[in-house]
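Engineer: Mind looking at a prediction? Sequence and model below.
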Amino acid sequence: MFKSSRVLVVVSFVVLLGLVCPAVRADEAKKPADNQNPPAPKLKITETSLGKIGEGHVVKTLAISADSRRVAYVADHGEKQLVVVNGVGQKEYDGIGGGSLVFSPDSKRLAYVAGRGKKWLVVVDGAERKEYDGVLAGSLVFSPDSKRLAYAAKRGEKWLVVVDEAEGKEYAGIGTGSFVFSPDSKRFGYGVLRGDRQVVVVDGEESKGYDAIGYLMFTPDSKRAAYVAKRGEKWLVVVDGAEGKEYDSIGKIGILFSPDSKRFAYVAFRGDKGVMVVDGIEGKEYDHVGTGGAIVTFVYQGVTYNIWESAPAFSPDSKRIAYAATIGKKQFVVVDDAEGKGYDSIGRTIVFTPDSKRIAYTATLGKKLFVVVTDAEGKGYDSIGRTIVFSPDSKRIAYSATLGKKFVVVDGVEGKECDEIMEDNPVFGPDSKRVAYCAKRGDKWFVVVDGAEGKGYDGFPEGSRVVFDSPTKLHTLAMRGGEVFLVEVEIAE
């Protein structure tokens, strides 16, 4: 929520649209068809150097494009700084805004904040924008279509939002964490401080004032805007200006819209009791709704948030909803108002298959941690990675697990042991036949495809990921000896 200082914002509510994923029945996962469990393939590896990060380079500024083909960072050059993109240095400035490097969603554009004398400006695709007394480094946001850019700038003691180089109204403070373009890229909204009240500005129109405002979001069809607001000691959800019922608090996951934009859900608390509110209607009251107790790191439009509760999940067809709830000392998953088996705890992610027919989640019973697919419990492990991924055809399942050593479990079959597995791994190929991930054994990291290991590396830059370009080709970024490489892998059929 917004603080009343000139630059501001700690966001309490985020939207986890990205948590809705696929799953499969456990009995099907344990008996995959032969053509869905191919032998380890031969891998052809091609490396292209993107430059060496040597002495003077500010590694913590490293930014990776969404397609994992471009890398940018800040480098020191005497008393000057410059941005280096794929090994090529750009213009020097007196300073580069820390954490300001942002790639567009299509990975083709790069923007950052640069300082010249006592002024600051935004550089987009190498072209300089207007100078200001300050530009908030973490405020740069590209639209989903990558054509538009917004950021917060300071003139004197006032702050304003610049969208497409057009300046908005000046305010005492800007809620940069609430900067958001609609999915169709045509609309834009953000939070501001007006006097002692916080308001939301959508398409230039101000909302009524509240004591605090949480994260702003648009529906997938871009037609509606919603946010969480505080009035006095109560919290409520506001959808297109229409206020919902007041509660003692609203869950930190904020508001979730269904993929078809017709439905919405959020967790509300009255005293110590929680309810799931779906389409404005309260569900059954529980001791708690959501799992809690685990930090979820979520990146939305280039901004990273840490939250403490699991999200409800709408099915891809928007007809079903699932969430975790607690009665006494037992937690369970509620699907379409039906309560599942009680466990000691439920994991922070609940996922649906792409065909919306099944769900999967992690659960704990005693010292046993396992994946539950619909009602079938998998093998118990010491730990299970936060990513449960399912094939596009809904028939296969994969996740990482630990039992002494770490490994990836694909369709119930444990892969080769390793020391570490990169987060957000494994990944299925587009035809559902191949599974890839990045793993470490000893002091080296490898790209692994269906059990076949590629070349060894010192590591993978934070933010890089495995990307399938076709059923037989994939790529990622890796580092060796301080040098960054684009690593392209071709799978021999």
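Structural biologist: Cool, the structure landed.
Engineer: Provide the strand pairings for the helix or strand where A226 lies, with the direction of each partner.
Structural biologist: Counting by DSSP states H and E, the element that carries A226 is strand 225-231. Here strand 225-231 is paired, per DSSP bridges, with strand 212-213 (antiparallel), strand 217-218 (antiparallel), strand 234-239 (antiparallel).
Engineer: Show me what V85 bridges to in the sheet.
Structural biologist: Counting by DSSP bridges, V85 forms beta bridges with A72, V88.
Engineer: That one and K108 touch, don't they?
Structural biologist: No - the criterion here is C-beta atoms under 8 Å, and V85 misses it with K108 at 11.5 Å. For every residue, glycine as well, the C-beta is placed using N, CA and C.
Engineer: Could you point out which residue ranges in this structure have low pLDDT?
Structural biologist: Residue ranges of the chain with pLDDT under 70: 1-38, 54-57, 176-177, 291-311.
Engineer: where do the helices sit along it?
Structural biologist: Per DSSP state H, the chain carries helices over the ranges 26-30.
Engineer: Quick one: closest of the strands paired with strand 225-231 to A153.
Structural biologist: A153 lies closest to strand 212-213 among these, at 20.9 Å (C-beta to C-beta).
Engineer: hang on, the earlier thing: of V85 and K108, give the one with the bigger neighbour count.
Structural biologist: V85 (19 against 14; other C-beta atoms under 10 Å).
Engineer: check contacts around the more buried one.
Structural biologist: Contact analysis of V85 by C-beta atoms under 8 Å, 6 or more residues apart in numbering lists R70, V71, A72, L110.
Engineer: how far away is the last one from V83?
Structural biologist: Read that as L110. Distance from L110 to V83, counting by C-beta to C-beta, to the nearest Å: 8 Å.
Engineer: Now for the two: what residues contact both?
Structural biologist: Going by C-beta under 8 Å, 6+ apart, residues that sit against L110 and also against V83 are A72, L101.
Engineer: Give me the more crowded residue out of those two.
Structural biologist: Legend: neighbour count by other C-beta under 10 Å for L110 and V83, higher for V83 (24 against 21).
Engineer: Go ahead and confirm the more buried one touches E92.
Structural biologist: No - V83 is beyond contact range of E92, at 9.5 Å (criterion: C-beta under 8 Å).
Engineer: picking up where we left off before, show me how far the strand holding A226 is from its chain's centre.
Structural biologist: 21 Å (C-alpha atoms, centre = their mean, to the nearest Å).
Engineer: and what of stretch 155-175?
Structural biologist: Distance, centroid of stretch 155-175 to centroid of chain: 27 Å (C-alpha atoms, centre = their mean).
Engineer: can you check stretch 72-88 too?
Structural biologist: Computed by C-alpha atoms, centre = their mean, the chain-centroid distance of stretch 72-88 equals 27 Å.
Engineer: do stretch 40-52 as well
Structural biologist: Averaging C-alpha positions (C-alpha atoms, centre = their mean) puts stretch 40-52 27 Å from its chain's average.
Engineer: Show me what counts as buried in that stretch.
Structural biologist: The neighbour-count check on stretch 40-52 (16 or more other C-beta atoms under 10 Å) flags P41, L43, L50, G51 as buried.
Engineer: same question, stretch 468-485
Structural biologist: F468, T472, L474, H475, T476, L477, A478, M479, R480, E483, V484, F485.
Engineer: tell me which of these is nearest to P430?
Structural biologist: Closest to P430, out of all of the buried residues of stretch 468-485 and judged by C-beta to C-beta, is F468, at 5.7 Å.
Engineer: Pull the number of nearby residues for H77.
Structural biologist: Per other C-beta under 10 Å, the neighbour tally for H77 reads 12.
Engineer: err, F188, not the other one
Structural biologist: 23.
Engineer: Using CSV, lay out the buried residues of stretch 40-52 together with distance to K223.
Structural biologist: Output for these, formatted as CSV (distance: C-beta to C-beta, whole Å):
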residue, distance to K223
P41, 46
L43, 46
L50, 41
G51, 44
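Engineer: Which of these fall in strands?
Structural biologist: Among the buried residues of stretch 40-52, the residues falling in strands (DSSP state E) are L43, L50, G51.
Engineer: Need phi/psi at the spatially closest residue to G204 that is not a sequence neighbour.
Structural biologist: Once flanking residues are discounted, G204 sits nearest to G168: 7.1 Å by C-beta to C-beta, 6 or more residues apart in numbering. Dihedral angles of G168 (phi, psi; degrees, to the nearest 10) stand at phi -90, psi -170.
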